[in-house]
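# Fold the stuff below for me.
(2 chains)
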Amino acid sequence: MEDSPRFERLWTRTVLVGVVVLSAYLLITEWDGFVRLAAWFWAGLSAAPQSLSNIAAYYAALPFAQLLPSLIIGALVGIGMTWRTIYHTAQPRPILTLLGGGLVGAFSAQILSATIQHCTYLPEVAAAETIGGWVITALSAMMFLVPYWAYLKRAPVSQAGYFRQRGLAYAFLAPTLVSLFVFLYYPSVQTILLSLNARRFPIRTEKFVCLGNYVSLAEDAIYQSSFVTTVLITLAIVTLSLAIALGVAVLASQKVRGASIYRTFLIWPFALSPVVTGVIFLALFRDGQAGLINYVLTSGFGAEVSWLRTPDLARWVIVIASVWNILGFNILFYVAGLQGVPPELLEAAAIDGANKPQRFFSITFPLLSPYTFFLLITNVTYSFYGIYGVVDALTSGGPPVGPAGIYGGATNVLIFKLYEDAFTPGAPIGSAAAQAIILFICIAGLTLFQFRFVESRVTYAE
Amino acid sequence: MPNENPSPPSPLSHKERGGTIANSLSHKERGGTIANSLSHMRRGRTRWGVHLALIVVCGLICIPALYALQLATLTFDAAFRSPPQLFPPGNDLVENVSALFTRLQFGNLMLNTTIVALVVVVGKTALSLLAGLAFVYFQFPGKTFLFFVVLLTLLMPTEIILLPLFRMMSELEWGSLNPRLALTVPFLASATGVFLFRQHFANIPRELAEAAQLDGATPLRFLSNVLIPMSWNVIGAQALIQFIATWNAYLWPVLIVQDASQYVIQQGVRSASSSGGQTDFGLLMAAGIIASLPPLLLFILLQRQFMNGFALTRDK
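Below is the predicted model:
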């Protein structure tokens, strides 16, 4: 590519024209859809005052004994965590800052508490629900506390290089923010609301059951089995894909001729979709002599295995297919990470008499830990969500486990069960929504763990 | 991996070394040290070992795809023959592929998916560029809070909101009347994109913005004449990742698109496996290969740009 400014400007202009043409095409062909979106949005906006007065009415009717615990927990979390956070930073008015933290916490705690209608603070609920309610309240308190701390710790900024038209900044942010609110925040709240309702058998209307769906999920044999399956499959995928990728990356970062060609051949499967991966492995592992794996097994060992009909083996096929799919992505990042390991460190260690494995485990591997944790998150995310296409194409959640399949399918992973439950006729929507929330908590917890602990601890010698 | 939210990891402590994927690909020899000359002496033996090991690993990774390629050239019956015909290739590749395009309307599906993927890529890039511009080149009340609002969405995968989103789409009748909008509009905002561009812009010298202001340039002109020309690597990497993710998306299209003529390509692959009783593996593998060609070709063509854009260092 030519790097002249003139070329870049021409290129920019060409792309911009293409973008305008594409947008115009979409606007013209899908105009009616946009009109309905605008009407829907306008209806939502006009209903906002009504919603606000509903919230006010809700709080007016809420017994103080139910409201008080959420306020106290929020305020305690606010004061305690703010104290921890500002302890190291010099604040001009520490008491005021702490009180502010308490207020922010108490207010912020109301967001999720009001969403679940403070139902866990009723006197008659089970202990598990009460504790769940505390956790929800504390988590909710953090939602405004985190930006509050960011505000406290903000660094003084110079005025240089900022545009002065503030209104424009909001205009530039508006598309992103509106889109996030309408298509991410609003549905998330809806998911929580859905998860609090259940359909009692004879009646078709939905009834508020507080955390009842979560409690019954915890007691459901099929859900437990699905959870265990997901955890096992995830563990296997993550361990195998990271370990193999690291080994291959060490190999691929040797300075040999044609290294970049090797890398292309190692990395490419990550461009394939889970569905395509699934169908390729379906062909490989199918029953009978025509499948490659069974053919090799028969001619080598005289044994033929029914891979996709045997519960344990079916899980392994899912694992192998998924590892094949994501391995390239991991190799890509590990190769990059290995390139950043300073050779001086390795040389110094070699002079001190450390052998190759010692050098790898005491220098290279710790230095790679940011990459490992990043890949850990992406691989767990893949094993929780992305795996849907693999499972759907390979096993459709089967084969059944237990007498008459009372434990569901052997590869009935959480994401597959969720969408089976949510989109079959007469589906238990509330339970499916609760499953979605549980999945969300798993991934969000892991990601937060990475942000909070790993990012701050895993760097050496800075 | 079709993960649409890759947030690059934090820097290694020795960031000035520039541990970017780009650097790693251009394997320059670092010359001159004692250790290097030591390794030169051992080169003859280890190099062949490395080549051999790399060839074996590449072979293992490519076997499933080679087998799929071979199956794609076979007829329905030949794909079930035992022992399997592993060599030579059959003569039916053209027939299988043409069956895809006539019977399963793959041309149509590819066009659908291309439009959807392009709209998502363009929309995400445009929205993220504007948001990045606002976060880096403006000061306004509520900036920290609004940034946190975007940051928080990194924790919310779309998979968990598909249920209410599906209901919303039914209310809007997008699933039945405007599947193209249902596949694109809900996914136009991207927290990852905002971060990437915010980080990239923060590394661009502020003098450029000052100069632009002295010249009286508007923010949008600054974006189009200065920032975008300086960001093609990042834009390209981001666009490639989003294109692959959208092209490979399966779950949401399955839920939303009922009309077979509006299917996306992944649904086409799935329907190739379940048309009729017995699976026609030749047809199915051909479908998988055809569906994978666009992302694979893009990846191979743009490999270098892709890796340049994902510079993993977060220099400040």
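
# What's the local residue count around residue 93?
This is for chain A. A count of nearby residues for residue A:93, using other CB atoms under 10 Å in any protein chain shown, gives 9. To be clear about C-beta, it is placed using only N, CA and C from the backbone, and glycine gets the same treatment.

# if you could check chain B rather than the one you did, that'd help
Residues lying near residue B:93 (other CB under 10 Å) number 18.

# That one and residue B:99, how far apart?
11 Å (CB to CB, to the nearest Å).

# And for residue A:103?
Counting by CB to CB, the gap from residue A:103 to residue B:99 is 68 Å.

# overlap in contacts of residue B:93 and residue B:99?
residue B:286 (CB atoms under 8 Å, 6 or more residues apart in numbering or on different chains).

# Kindly report the domain assignment for chain A.
Annotated domains of chain A cover A:1-46, A:218-457 [automatic domain parsing].

# Of the ones you listed, give the one that comes closest to chain B.
Closest to chain B of the domains of chain A is domain A:218-457 (CB to the nearest CB; 2.2 Å).

# can you tell me the helix or strand for the nearest residue to residue A:79 once chain neighbours are set aside?
Distances taken as CB to CB, 6 or more residues apart in numbering or on different chains place residue A:102 nearest to residue A:79, at 4.5 Å, with adjacent residues excluded. Using DSSP states H and E, residue A:102 sits in helix A:94-115.

# show me what contacts the residue nearest to residue A:79?
A:75-76, A:78-79, A:82.

# Ok, residue A:344 next?
Applying CB under 8 Å, 6+ apart, no residues qualify as near residue A:344.

# Flag every buried residue along the helix or strand where it lies.
Element membership for residue A:344, per DSSP H and E: helix A:343-351. Going by neighbour count (16 or more other CB atoms under 10 Å in any protein chain shown), the buried part of helix A:343-351 is A:345-347, A:349-350.

# follow-up on the earlier one: of the domains of chain A, flag the one that's most buried.
domain A:218-457 (a mean of 19; mean count of other CB atoms under 10 Å in any protein chain shown).

# So residue A:207 belongs to a strand, correct?
Yes: under DSSP: H, G, I helix; E, B strand; the rest coil, residue A:207 sits within a strand.

# Thought residue A:430 was touching it, still the case?
No: using CB atoms under 8 Å, residue A:207 is not in contact with residue A:430, being 9.2 Å away.

# Secondary structure class of residue A:198, three-state.
strand.

# Just list whatever residues bridge to it.
Residue A:198 has the following beta-bridge partners by DSSP bridges: residue A:207.

# Name all residues that make contact with it.
Going by CB under 8 Å, 6+ apart, residue A:198 touches A:206-207, A:209, A:212-213, A:428, A:430-431.

# With mean pLDDT as added columns, please give the domains of chain A in JSON lines.
Below are the domains of chain A laid out as JSON lines (pLDDT from 0 to 100):
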{"stretch": "domain A:1-46", "mean pLDDT": "85"}
{"stretch": "domain A:218-457", "mean pLDDT": "87"}
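
# May I see those organised as JSON lines, with distance to residue A:155 added?
Output for the domains of chain A, formatted as JSON lines (distance: least, CB to CB, whole Å):
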{"stretch": "domain A:1-46", "distance to residue A:155": "33"}
{"stretch": "domain A:218-457", "distance to residue A:155": "18"}
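
# circling back: where's the helix holding residue A:102 relative to the chain centroid, distance-wise?
27 Å (CA atoms, centre = their mean, to the nearest Å).

# Give me the mean pLDDT for that helix.
The pLDDT scores in helix A:94-115 average 90.

# And residue A:178, how far from residue A:243?
44 Å.

# Please save the CA atoms from the strand or helix carrying residue B:272 in CSV.
Counting by DSSP H and E, the element that carries residue B:272 is helix B:265-273. Output of helix B:265-273 as CSV, limited to C-alpha atoms (Å, rounded to 0.1, in the frame of the first residue of the first chain):
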residue,chain,number,x,y,z
ILE,B,265,-25.1,-18.4,5.2
GLN,B,266,-24.6,-20.3,8.4
GLN,B,267,-28.3,-21.3,8.4
GLY,B,268,-27.6,-22.5,4.8
VAL,B,269,-24.9,-24.7,6.0
ARG,B,270,-27.1,-26.1,8.7
SER,B,271,-29.9,-26.7,6.3
ALA,B,272,-27.5,-28.6,4.0
SER,B,273,-27.0,-31.1,6.8
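
# after it comes which helix or strand?
Taking DSSP H and E, what comes next after helix B:265-273 is helix B:281-301.

# Need the residue closest to the centroid of chain A.
residue A:443 (4.3 Å; CA atoms, centre = their mean).

# quick one: that residue and residue A:379 touch, right?
No: at 11.6 Å, residue A:443 does not count as touching residue A:379 under the criterion of CB under 8 Å.

# how about the contacts of residue A:102 in JSON lines, adding neighbour count, secondary structure and pLDDT?
Below are those laid out as JSON lines (neighbours: other CB atoms under 10 Å in any protein chain shown; DSSP: H, G, I helix; E, B strand; the rest coil; pLDDT from 0 to 100):
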{"residue": "A:75", "neighbour count": "20", "secondary structure": "helix", "pLDDT": "93"}
{"residue": "A:76", "neighbour count": "17", "secondary structure": "helix", "pLDDT": "93"}
{"residue": "A:78", "neighbour count": "27", "secondary structure": "helix", "pLDDT": "91"}
{"residue": "A:79", "neighbour count": "20", "secondary structure": "helix", "pLDDT": "91"}
{"residue": "A:82", "neighbour count": "24", "secondary structure": "helix", "pLDDT": "88"}
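
# Run a quick neighbour tally on residue A:53.
Residues near residue A:53, counting by other CB under 10 Å: 10.

# Just to be sure, it is in a helix?
Yes: counting by three-state DSSP, residue A:53 is located in a helix.

# Do you know the pLDDT at it?
94.

# And for residue B:1?
The per-residue pLDDT of residue B:1 was computed as 42.

# try residue B:106
92.

# try residue A:145
Reading off the model, residue A:145 has pLDDT 89.

# Nearest to residue A:70, out of the domains of chain A?
The closest of the domains of chain A to residue A:70 is domain A:218-457. By CB to CB, the value is 18.9 Å.

# Secondary structure element holding residue 169?
By default, I'm working from chain A. Following DSSP H and E, one finds residue A:169 within helix A:166-180.

# That was the other one, I meant chain B.
Judged by DSSP H and E, residue B:169 forms part of helix B:162-172.
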